[in-house]
Structures are given as structure tokens and as C-alpha cells.
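Enquirer: Need the 3D shape of this:
(one chain, ligands or ions: 2)
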Amino acid sequence: MPQHSFRLNGKPVTVDCPGDVRLLWVLRDLLGVTGPKYGCGLDVCKACTCHINGKAFNPCSVQVSDIKDTDEITTIEGLPATVGKDLHPMQEAWLDYDVAQCGYCQPGQIMAAVAKVRQARAEGHEIGDADLDEIRNICRCGTYHRIREAIVSAAKNM
Ligand code: FES
Ligand code: FES
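Expert: Numbers count the residues shown, from 1 in each chain. Ligands and ions are numbered 1, 2, ... in the order given. All right, here's what the predicted structure looks like:
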């Protein structure tokens, strides 16, 4: 079986599997990293959102053979370490605003939120309504209002 190597939450990992296995199943089933959730498997619901080299992406739609050994994949499990704390400011805001209901979509929401704040900064502005409107993560519990408030609050501490 071919081997595939990449960096996951700051550490090198290698898996043995066919190259067309999509990364979400590699993370969850082969590496036991279950923060990224399976919702649709079609790059639609965004429940699986993680970061690749700091940018949001959806591992349900990427084959493991498309990941380079220098690519850094960050899941919700590795997010706090990116700021050297027990919780990332986005996670702190999530608690302050009591965002979660069932929780299923929430790891993906937080990862999408962090990436969107970074993207806005890279474009030279702070996150605003237009940026928030671009986040397409689905929450069937309808926590969208609290998500938006938490993101704006967290951005001040990032
Ligand atoms: S499971 Fe990845 S976008 Fe839905
Ligand atoms: S909190 Fe239940 S799906 Fe979002």
C-alpha cells in the first residue's frame, strides 16, 4: 500500500492507504483525529473544515495523495497550540457567547472563523459583515447569530 506523509497539528505523520482515500477518513479513521466532522462528504456542509497551511479547506473533498509532505494540516485539536495556549481566542469567545447547541457543526465553524479573520487581515481590513456572510458552514441548530457575535469578539483578541 502506498505511504502518504504530511504534518498534522505540528507533528509529522505517515499513513498507509490507497491514494484516493479522502483526507477526512484518513484523519478520523486512520489517525483517530475526530474533531473534523462528517456531514455530507461533498464539500457542501463544511462540518469537516480544517486548515491547510493556515487556510480553511474541507478534507472530505481532498484525496490524501494530493497532500504534500510539507503541508501542515491543523484540526480543532491542534488549534490552541497555534497560539501557545490551552484555548484559542476563538474558542474562548465561543464559551463567552455560549454558541454551541448540539455541537456537531462547531469544530468546523471555529476553524472557518479563524481562517476568515486571518483572511480579512491579509486583505488589510478587520472582519465585517461581508466576510461573515461568506462563511458557508451549515448549522442545523441555527446558532448563526451567536457565531457572528463570537467571531467579531474573538477577532479583537487575535
Ligand atoms: S463533510 Fe466535508 S463539507 Fe460536508
Ligand atoms: S450546533 Fe447543532 S448543528 Fe450547529
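Enquirer: what about the strands in the protein?
Expert: If DSSP state E is used as the criterion, the strands of the chain fall at 3-8, 11-16, 50-52, 55-57, 72-74.
Enquirer: buried set for the first one?
Expert: By neighbour count, with 16 or more other Cβ atoms under 10 Å as the criterion, the buried positions of strand 3-8 are His4, Phe6, Arg7, Leu8. Every residue, glycine included, has its C-beta placed from N, CA and C.
Enquirer: Against which helices or strands is it packed?
Expert: Counting contacts by 3 or more Cβ pairs under 8 Å, 6 or more residues apart in numbering; DSSP states H and E, strand 3-8 is packed against strand 11-16, strand 72-74.
Enquirer: Next one: Met1 from Leu8, what distance?
Expert: From Met1 across to Leu8, the span is 19 Å (Cβ to Cβ, to the nearest Å).
Enquirer: Any idea how far apart the tips of stretch 62-80 sit?
Expert: Stretch 62-80 stretches 24 Å from its first residue to its last (Cα to Cα, to the nearest Å).
Enquirer: That stretch close to ligand 2?
Expert: No. For stretch 62-80 and ligand 2, the contact criterion (Cβ under 6 Å from any ligand atom) is not met; the two come no nearer than 13.8 Å.
Enquirer: which of the strands of the chain sits most buried?
Expert: Among those, strand 50-52 has the highest mean neighbour count (mean count of other Cβ atoms under 10 Å), at a mean of 24.
Enquirer: can you count the residues close to Ile76?
Expert: If you count neighbours by other Cβ atoms under 10 Å, Ile76 ends up with 25.
Enquirer: Can you name the residues that contact it?
Expert: Going by Cβ atoms under 8 Å, 6 or more residues apart in numbering, Ile76 touches Gly35, Pro36, Cys50, Pro107, Ile110, Met111.
Enquirer: now with 6 Å?
Expert: Gly35, Pro107, Met111 (Cβ atoms under 6 Å, 6 or more residues apart in numbering).
Enquirer: Out of the helices and strands packed on strand 3-8, the one nearest ligand 1 is which?
Expert: Set against ligand 1 and scored by Cβ to the nearest ligand atom, the helices and strands packed on strand 3-8 come closest in strand 72-74, at 14.0 Å.
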